[in-house]
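Asks: Sequence and predicted structure, then a few things I'm wondering about:
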Amino acid sequence: MSRQKRSSIDLSIRPRKAIVCGVDINSSDDTEVSLDELVMLLENLDIPTLARVTQKRSAPDPASFVGAGKAEEIRDFAQKSEATLLVVDDFLSPTQKSNLQKLTSMTVWDRAFVIMKIFESRAHTAEAKLQVELAQYRYEIPSLKGLGHQMSRTGGGIGTRGPGETEFERHRRKLERRMKSITSRLEEVKERRRDRRERRRKDGAFTAALVGYTNSGKSTLLRSLSKDSGILTANQLFSTLDTVVRKISFRDGGSFLLSDTVGFIRKLPPELVAAFRATLEEVSEADLLLLVIDSADKDPVGNMEIVLETLKELKADDLPRIVVLNKIDKTESEAEFIAMELRARGEDAIKVCALTGEGFGELLERVKRHAMEYYESRMALPQEE
């Protein structure tokens, strides 16, 4: 009788612990702010950060992002601390990722991959899942190209198609077919959204869209203004991936439609922006933007600049907007200084607390003013026969 194998514990399966790494170009303050965010992003994946590493450079190393010497330092620290994951606070090329993994003997992620992992964990509806899947495929294909060259070298001779290249081509075609199928389904979603917006316009509905940095309190604001307790609110990044639209009543009669959609962040992967076009069109097609800022954040004005850059990509930066300084219950007089700075820059800034409703009267009054201007401009247009 053969001896029964003893059960054993695989010690190679260990909880992930991370080292985050960034390149400090021109001693920019934004480097530390961005690294703080990266640590927070990892916390949302339940991955603790053991160390932060920065290297002052004029530009990232094209071969390995950081220099070989710095990579070896990271490897030595990782071995002592049992860190298994190196997360780079930027976008890595396939070459940089491969070289960095070899130099550090660690699993290497970049910021884009971390954000996509969070989006994947937050996607609950079929539409959100499709958009995340499409973004992941767009992110993966450049890496496959490098892998294809590697596979073809191991499998074929001169002038032949080796088995490795054939396998690569098969996988790439599979991804491209899937991407084509997803894109087609998302186009149908865009058409349905477009039809809904057209019906709203014909009905004369004034529409506003909440935009802002992730976790700035947009969903809480929509929940409080609409008095709809069913709207999901959570103290976490990217809790909203799907568009939510609610009817909001003005206090002296009348109403408007307010939508909430995905939040923005520094270095938002372009693959995600492209994949979520159907959702983000609700922003670019709105009559008014409510740009929500967390007044308790370390860099609220800097975060607003990131939002404005993303709006520019969506061709929505010229839309009328009101800057809503949220969470004033945490900042007291500091919120007023931020509001003064924004007003000096020509912004229409209003202070509110989404939790208590403070400032809602002024906010709704300002939205109604925009709505009245909208209706007046519609009345001035020649009527369609």
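Replies: In hand now; what should we look at?
Asks: Not counting the helix or strand harbouring C21 itself, show me its contacts.
Replies: Following DSSP states H and E, one finds C21 within strand 18-24. Residues outside strand 18-24 that contact it (CB atoms under 8 Å, 6 or more residues apart in numbering) are 31, 34-35, 38-39, 42, 47-57, 59-60, 65-66, 74, 77-78, 81, 83, 85-90, 106. Quick note: C-beta positions are derived from backbone N, CA and C, even for glycine.
Asks: Now, of the residues you listed, which are buried?
Replies: By neighbour count, with 16 or more other CB atoms under 10 Å, the contacts of strand 18-24 hold 31, 34-35, 38-39, 42, 47, 49, 52-55, 60, 65-66, 74, 78, 83, 85-90, 106 as buried.
Asks: From those residues, which land in helices?
Replies: The members of these that map onto helices under DSSP state H are T31, S34, L35, L38, V39, L42, I74, A78.
Asks: ok, now which ones touch the last one?
Replies: Applying CB under 8 Å, 6+ apart, one finds that A78 lies in contact with I19, T84, L86, T104, S105, M106.
Asks: and these as a markdown table, adding pLDDT and distance to E271?
Replies: Output for those, formatted as a markdown table (pLDDT from 0 to 100; distance: CB to CB, whole Å):
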| residue | pLDDT | distance to E271 |
| --- | --- | --- |
| I19 | 96 | 25 |
| T84 | 93 | 26 |
| L86 | 97 | 21 |
| T104 | 94 | 25 |
| S105 | 93 | 28 |
| M106 | 94 | 24 |
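Asks: Quick check: of the residues you listed, which lies closest to S284?
Replies: The shortest gap between S284 and any of the contacts of A78 belongs to L86, at 36.8 Å (CB to CB).
Asks: Tell me what the closest one is bridged to.
Replies: Beta bridges link L86 to I19, V108, judged by DSSP bridges.
Asks: start to end distance for stretch 115-131?
Replies: By CA to CA, to the nearest Å, the extent of stretch 115-131 from end to end equals 14 Å.
Asks: Flag every buried residue along it.
Replies: Those would be I115, M116, K117, I118, F119, E120, R122, A123, E127, A128, L130, Q131, for stretch 115-131 by 16+ other CB under 10 Å.
Asks: Excluding sequence neighbours, find me the nearest residue to the fifth one.
Replies: Nearest non-adjacent residue to F119, counting by CB to CB, 6 or more residues apart in numbering: V132, 4.8 Å away.
Asks: if I look at T214, how far off is A339?
Replies: 22 Å (CB to CB, to the nearest Å).
Asks: do the same with L221
Replies: L221 is 17 Å from A339, by CB to CB.
Asks: Among the two, which residue is more densely surrounded?
Replies: Neighbour totals were compared for L221 and A339, and L221 leads with 26 against 19 (other CB atoms under 10 Å).
Asks: Are we agreed that the more buried one is in a helix?
Replies: Yes: assignment of L221 by DSSP: H, G, I helix; E, B strand; the rest coil places it within a helix.
Asks: can you give me the helices in the stretch 201-350 of the chain?
Replies: Taking DSSP state H, counting those that start in this stretch, the helices of the stretch 201-350 of the chain run over residues 218-226, 270-275, 277-284, 300-313, 333-344.
Asks: okay if I get the ones you listed as a markdown table plus mean pLDDT?
Replies: Listed next are the helices of the stretch 201-350 of the chain as a markdown table, based on pLDDT from 0 to 100:
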| stretch | mean pLDDT |
| --- | --- |
| helix 218-226 | 93 |
| helix 270-275 | 84 |
| helix 277-284 | 81 |
| helix 300-313 | 91 |
| helix 333-344 | 91 |
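Asks: Ranking those helices by mean neighbour count, which comes first?
Replies: Across the helices of the stretch 201-350 of the chain, averaging neighbours per residue (mean count of other CB atoms under 10 Å) puts helix 218-226 on top, at a mean of 23.
Asks: Show me how far that helix is from its chain's centre.
Replies: 20 Å (CA atoms, centre = their mean, to the nearest Å).
Asks: Which residue ranges make up the domains of this protein?
Replies: The record's domain split for the chain, according to automatic domain parsing, is 18-118, 123-185, 204-378.
Asks: I'd like those as JSON lines, with distance to R193 appended.
Replies: Below are the domains of the chain laid out as JSON lines (distance: least, CB to CB, whole Å):
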{"stretch": "domain 18-118", "distance to R193": "23"}
{"stretch": "domain 123-185", "distance to R193": "10"}
{"stretch": "domain 204-378", "distance to R193": "6"}
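Asks: closest to E191 out of these?
Replies: That would be, of these and by CB to CB, domain 204-378, which comes in at 9.3 Å.
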